[in-house]
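Participant: structure here, sequence nowhere to be found:
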C-alpha cells in the first residue's frame, strides 16, 4: 500500500502541526517515523533502532519521544528517552498505545497520531515545561523509511 493511502498529504501536514503545537508548551521533543514494513518484525526493537538512527538521544534533557508506525505490518511503538522514563509511571506508555490503537482500529490513523501527540505533549509539559531559551532540538517533520 502506498503511503498516500495510509496518510494523505493533508493528514501529514496536520501531524506536523500537532507536533509544533504540542512542543509550544514543553522543551520535550516529539517525532513520528513511518514506514511500510517493520524490518525487524518487532516494533519496539525497530523503534529503538530508528530512535538511535535519528539521534533522538541528543536532547539536552533526554526528553524525546518517538511514535513509530509500520502501516503494512500493522504494528507501532511509542518510546521515550531516559529523562522521561525516570519521571512517568511505568504504565504510562500503555495508555498512549491504547489511545493510538483505538483510532487505528477505526481507520483514523492521523486522528490517532495527533491525539497521542497532544496527550504526550501535555505530559511532557508537566515535567519539562517550555522555557524562554528553549530551542527545537529535533525536526517536527515526519521521517520515513522505505
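Facilitator: Sure, I can see it. Please read all numbers here as calculations on a predicted model, not as lab measurements.
Participant: where does the residue most central in space within the chain land in three-state SS?
Facilitator: When the chain is reduced to its mean C-alpha position, the closest residue under Cα atoms, centre = their mean turns out to be residue 67, at 2.7 Å. Per DSSP: H, G, I helix; E, B strand; the rest coil, the secondary structure class of residue 67 is strand.
Participant: likewise residue 115?
Facilitator: Per three-state DSSP, residue 115 ends up helix.
Participant: I'd say it and residue 103 touch.
Facilitator: Yes - assessed by Cβ atoms under 8 Å, residue 115 is found in contact with residue 103 at 6.4 Å. C-betas here are computed from N, CA, C, even on glycine.
Participant: pLDDT score assigned to the residue nearest to the centre of the chain?
Facilitator: At residue 67, the pLDDT value in this model is 98.
Participant: look up phi and psi at the spatially closest residue to it that is not a sequence neighbour.
Facilitator: Once flanking residues are discounted, residue 67 sits nearest to residue 32: 4.8 Å by Cβ to Cβ, 6 or more residues apart in numbering. Backbone torsions of residue 32, given as degrees, to the nearest 10, read phi -120, psi 130.
Participant: ok, residue 17 next?
Facilitator: Residue torsions, per degrees, to the nearest 10, at residue 17 are phi -60, psi -40.
Participant: residue 112 and residue 105 touch, don't they?
Facilitator: No - counting by Cβ under 8 Å, residue 112 stays clear of residue 105, with 9.0 Å between them.
Participant: ok, the two, which is more surrounded?
Facilitator: Using other Cβ atoms under 10 Å as the criterion, residue 112 and residue 105 rank with residue 112 on top: 21 against 9.
Participant: nothing else from me, thank you.
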